[in-house]
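Student: Have a look at this fold, sequence not included:
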């Protein structure tokens, strides 16, 4: 007598639920490790920004009018922002992350408000004839932005921001003749030192 065979073949054994759970846990762990070691702050970009700031400090020191001095540093600021954006894009692509990744969004949204305040205060100080106070304000607000943005990044970033903040406070109580040197040390030296550290430890 022929054996009865089912019309519909039995499907393969289902994958156990615990196997799915282990895969998901591994994916979550790898994602968290990757996010913990990635910072949107560009290391080599910071080095490049520091080099242009050192050049700007030398050029600004040779200006004979306050207007030309301010224009020199504002042009440097625009150049530095451009370098930073390009370096962030390059770093995100190298890490296999979208350019507008979560670390980048958090950093930019935390870093941007102090820059807006700095722009407004620059205009007000310029109009009030207090241009000598601008370097300290720039360094302190930049440091504040790096600290707040660095709260979502690796520990070295807030440390860099604190150094900018301390440099700005020192510049505020230094003679006006030191302004370009203080800006060069801050935007130049600190960017180069911390940029190199970030590049070596956190992937470019």
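Tutor: Perfect, I can see it now. From a predicted model like this one, the values you see are computed outputs, not experimental measurements.
Student: Now do the SS call for the spatially most central residue of the chain.
Tutor: Central residue check for the chain by CA atoms, centre = their mean: the C-alpha nearest the mean position is that of residue 41, 3.3 Å away. For residue 41, the assignment made with DSSP: H, G, I helix; E, B strand; the rest coil gives coil.
Student: ok, it - contacts?
Tutor: 88, 107, 149, 150, 153, 157, 198 (CB atoms under 8 Å, 6 or more residues apart in numbering). All C-beta atoms are positioned from the backbone trio N, CA, C, and that covers glycine.
Student: Residue 170 too?
Tutor: Applying CB under 8 Å, 6+ apart to residue 170 gives the contacts 136, 182.
Student: what's the spacing between it and residue 117?
Tutor: When distances are taken as CB to CB, to the nearest Å, residue 170 and residue 117 turn out to be 20 Å apart.
Student: Then residue 135?
Tutor: Note on residue 135: its distance to residue 117, by CB to CB, is 15 Å.
Student: between those two, who's got more neighbours?
Tutor: Taking residue 135 and residue 117 together and counting by other CB atoms under 10 Å, residue 135 has the greater number of neighbours (25 against 14).
Student: Student question: in the chain, what's the helix or strand with minimum average pLDDT?
Tutor: Among the helices and strands of the chain, helix 17-37 carries the lowest confidence by mean pLDDT, DSSP states H and E, at a mean of 49.
Student: ok, then the element right after it?
Tutor: Sequence-wise, the next helix or strand beyond helix 17-37 is helix 43-61, with elements assigned using DSSP states H and E.
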